[in-house]
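**Q** Here is a sequence with its predicted model. Questions after.
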Amino acid sequence: MRNTEPLQVDVMRRIREDLRECIGSRLRVRANKGRKVVIEKMGVIEETYPHIFVVRVEAKSAPSQRVSYTYTDILTKTVELSHPETNEALFSWLNG
């Protein structure tokens, strides 16, 4: 049986590096909250940390709020990020 752990570490590192390059960029955030609840909002990547990244989400009714997600959320497609103008997925390389 082949050990896939190094491959998974490389994928997580690449997700983290790609997000680090997007700090300050405006993106569309689509998050699956469970029980058929999907949140779709605009946000800005504020910071990346070893296990999470923080997004300042724009809200119409209240001041913007900060939400954190894990890199695993990206890998499992619980959270999807895309460019607002083109709707192009930020992590399209994960599909292949």
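**A** In hand now; what should we look at?

**Q** what's the longest strand along the chain packed up against?
**A** The strand that spans the most residues within the chain, counting by DSSP state E, is strand 37-48. Contacting strand 37-48 under the criterion 3 or more Cβ pairs under 8 Å, 6 or more residues apart in numbering; DSSP states H and E are the following elements: helix 5-21, strand 26-34, strand 52-57. (Each C-beta comes from the backbone N, C-alpha and C, glycine too.)

**Q** So what's the model's average confidence on the shortest one?
**A** The reference is to strand 52-57. For strand 52-57, mean pLDDT is 94.

**Q** ok, it: who's next to it in the sheet?
**A** Partners of strand 52-57 in the sheet, by DSSP bridges, are strand 37-48 (antiparallel), strand 65-70 (antiparallel).

**Q** Give me the distance between that strand and the centre of its chain.
**A** Mean-position distance between strand 52-57 and its chain equals 8 Å (Cα atoms, centre = their mean, to the nearest Å).

**Q** What residues of it count as buried?
**A** 53, 54, 55, 56 (16 or more other Cβ atoms under 10 Å).

**Q** Could you export the residues you listed as a markdown table, including distance to residue 92?
**A** A markdown table is the format used below for the buried residues of strand 52-57 (distance: Cβ to Cβ, whole Å):
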| residue | distance to residue 92 |
| --- | --- |
| 53 | 18 |
| 54 | 23 |
| 55 | 19 |
| 56 | 24 |
